[in-house]
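Chemist: kindly return the folded structure for what I paste below:
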Amino acid sequence: MTEKNPRYNGLHVYVFDANELQRGDVVLTRNAESTSSKGKAVSDAIAAGSGGDFSHALLCTTPPTLIEAVDAGVSNINSHNCFIHDLKHVRVLRYPNAAIASAAASAAMMSFAKAYSVRAAISSIVPGVHLDQTHDDRTFCSALVAASFRAAGAPEFQTIRPMKTTPASLQKSAHFEDVTTDVLKRVLSFENIEDMSALDGDRMPSPMAGQAKLLFGYYSALLAPIDELMAAYPGLLSFRPTSFFQCLDMIGALCFEVDKLPDTFEAHDLRQRTKAIDELAYKLLSEGKWQAMQTAAEVVDNKSMHYTLDESFKPDPDIDLEGTLGFIRQTRDQIRSRASILDDPGRPPGYSLVWDEWIRLTHVSLQYFEKRLSVLTEALGRAYPNAPSA
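Modeler: Okay, here's the model as predicted:
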């Protein structure tokens, strides 16, 4: 624990209720409490230019994870490590169809590591500014949200241009329910608040901060041979991948499909091209940089787990019952979400180097989440033996 910041002594802030945040929830914020006058001015300009009260939009994928498009690219932030100074700086919106909202969350995850487009963001709020061309591999915050709901089949989003969607568009949409007071709760500021990110102010550095840039670099390296493949074999792919994870998905399926083709000259050429893309993707993913970021993030998470475990042995443990129950449920959701790619009949093992490596890394991450689940369950059972089941 760090020493309490005098700025927050005796003050209350707002945090996400671990039991209430759901997949597909949209979070709108503005940078009203930034220590940077420039950051605050930009936020004010975006809100005013779009005719709304907010300048940024995030989407809940699998609680406690929020996905957002920021300058560094599309990346994740953990809601457990966030707070809001004032409730007027945030709005939480919920789409009424839970199945579509969940599908939107899944669609958003496929955009992870896309690059950020400043020009597209400006074009969405400034009249008369138009994009020279569509860049499917780039996005901005509210466009990511709109594109995700469109991909999920939300009927109201089928005629909406995502790249013209602003935070104000989402705020004023009649298709969402305002659940702000349900999802956020008022609490006394934490002792370690300086280690947390203010969604309406200053963000704290994360071990995963460079992840989006790294994976976009991987995607860019793969795009040239993928484009060459699509040009040589029109109609082979149903769409052009726009992120590294979409590339993984495509390569895993394609390697399996081309292996079943009859032995012809054309099939041999297609296999060779596919093999070269697969080997390049494997080389990128297996170099270790992404794994090093994951390890650094787990070190931070481990500190929190060890604190909870140590506290569980004390007569008056500093463990939030409802928060821990919610964290256990969320960890189970993360396990289910990550395990969903395993044993995919369309991408069986033994055909793609990079897909097999991704499956291996998924098993590693699942082991970590299972460990976290075990620690939290043990600590909760000891601190609150009569607690309801999570």
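Chemist: quick one: least confident helix or strand in this protein?
Modeler: Across the helices and strands of the chain, mean confidence by mean pLDDT, DSSP states H and E is lowest for helix 118-125: a mean of 79.
Chemist: I'd like the next helix or strand past that helix.
Modeler: strand 138-139 (DSSP states H and E).
Chemist: circling back to that earlier point, flag every buried residue along the least confident helix or strand of the chain.
Modeler: By neighbour count on 16 or more other CB atoms under 10 Å, the buried set for helix 118-125 is 120, 121, 123, 124, 125. (C-beta placed from N, C-alpha, C; glycine too.)
Chemist: which other helices and strands contact that helix?
Modeler: Judged by 3 or more CB pairs under 8 Å, 6 or more residues apart in numbering; DSSP states H and E, the packing partners of helix 118-125 are helix 37-50, helix 141-151.
Chemist: contacts for the helix or strand that the longest one is followed by?
Modeler: Next in sequence after helix 37-50, counting helices and strands by DSSP H and E, comes strand 56-60. Outside of strand 56-60, the residues within contact range by CB atoms under 8 Å, 6 or more residues apart in numbering are 21-31, 43, 46, 66-68, 77, 79, 104-105, 108, 141-142, 144-145, 148, 167, 170, 199.
Chemist: could you dump the helices and strands packed on helix 118-125 to JSON lines with mean pLDDT, mean neighbour count and distance to residue 315?
Modeler: Shown next, in JSON lines, are the helices and strands packed on helix 118-125 (pLDDT from 0 to 100; neighbours: other CB atoms under 10 Å; distance: least, CB to CB, whole Å):
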{"stretch": "helix 37-50", "mean pLDDT": "84", "mean neighbour count": "16", "distance to residue 315": "45"}
{"stretch": "helix 141-151", "mean pLDDT": "96", "mean neighbour count": "26", "distance to residue 315": "46"}
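Chemist: just put these in JSON lines and tack on distance to residue 194.
Modeler: Converted to JSON lines, these look like this (distance: least, CB to CB, whole Å):
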{"stretch": "helix 37-50", "distance to residue 194": "18"}
{"stretch": "helix 141-151", "distance to residue 194": "25"}
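Chemist: isn't residue 142 up against residue 166?
Modeler: Yes - applying CB atoms under 8 Å, one finds residue 142 in contact with residue 166, separated by 5.3 Å.
Chemist: show me the shaky parts of this protein.
Modeler: Low-confidence segments of the chain (pLDDT under 70): 1-10, 126-136, 207.
Chemist: and the least confident helix or strand of the chain, how far out from the chain middle?
Modeler: Mean-position distance between helix 118-125 and its chain equals 22 Å (CA atoms, centre = their mean, to the nearest Å).
Chemist: which of the buried residues of helix 118-125 lies closest to residue 278?
Modeler: residue 120 (31.5 Å; CB to CB).
Chemist: make sure that closest one is actually in contact with residue 140.
Modeler: Yes - contact status for residue 120 versus residue 140: in contact at 5.5 Å, counting by CB under 8 Å.
Chemist: returning to what we had before: export the least confident helix or strand of the chain as PDB, just CAs?
Modeler: Taking C-alpha atoms only, helix 118-125 is exported to PDB below (Å, rounded to 0.1, in the frame of the first residue of the first chain):
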ATOM      1  CA  VAL A 118      -6.700  11.000 -35.300                       C
ATOM      2  CA  ARG A 119      -8.000  12.100 -38.600                       C
ATOM      3  CA  ALA A 120     -11.100   9.800 -38.400                       C
ATOM      4  CA  ALA A 121     -11.800  11.100 -34.900                       C
ATOM      5  CA  ILE A 122     -11.600  14.700 -36.100                       C
ATOM      6  CA  SER A 123     -13.700  13.900 -39.100                       C
ATOM      7  CA  SER A 124     -16.500  12.500 -36.900                       C
ATOM      8  CA  ILE A 125     -17.000  15.900 -35.100                       C
END
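Chemist: ok and it relative to helix 141-151, angle-wise?
Modeler: 80 degrees (axes from the mean of the first three to the mean of the last three CA atoms, to 10 degrees).
Chemist: quick one, helix 118-125 and helix 37-50 angle?
Modeler: Using the same axes, to 10 degrees, the inter-axis angle of helix 118-125 relative to helix 37-50 is 40 degrees.
Chemist: quick one, phi psi at residue 388?
Modeler: Main-chain dihedrals, residue 388, degrees, to the nearest 10: phi -60, psi 160.
Chemist: got it, and residue 250?
Modeler: Dihedral angles for residue 250 - degrees, to the nearest 10 - are phi -70, psi -40.
Chemist: which ones are touching it?
Modeler: By CB under 8 Å, 6+ apart, the residues touching residue 250 are 226, 237, 241.
Chemist: one more time with 6 Å, if that's ok
Modeler: Contacts for residue 250 (CB atoms under 6 Å, 6 or more residues apart in numbering) come out as residue 241.
Chemist: before we move on, what about residue 341?
Modeler: Contacts of residue 341 (CB under 6 Å, 6+ apart): none.
Chemist: state the three-state secondary structure for it.
Modeler: Recorded secondary structure, residue 341: coil (DSSP: H, G, I helix; E, B strand; the rest coil).
Chemist: and the gap between residue 277 and residue 120?
Modeler: Per CB to CB, to the nearest Å, residue 277 is found 28 Å from residue 120.
Chemist: next: residue 236.
Modeler: On the measure of CB to CB, residue 236 and residue 120 end up 29 Å apart.
Chemist: do residue 201 as well
Modeler: Distance from residue 201 to residue 120, counting by CB to CB: 25 Å.
Chemist: go on, residue 77?
Modeler: As judged by CB to CB, residue 77 and residue 120 stand 21 Å apart.
Chemist: do residue 344 as well
Modeler: Residue 344 is 33 Å from residue 120, by CB to CB.
Chemist: likewise residue 89?
Modeler: From residue 89 to residue 120 the distance is 25 Å (CB to CB).
Chemist: how about residue 286?
Modeler: 33 Å.
Chemist: so the residue positioned nearest the centre of the chain bridges to which residues?
Modeler: Here the mean C-alpha position of the chain is nearest to the C-alpha of residue 67 (CA atoms, centre = their mean), at a distance of 3.0 Å. Under DSSP bridges, the beta-bridge partners of residue 67 are residue 59, residue 76.
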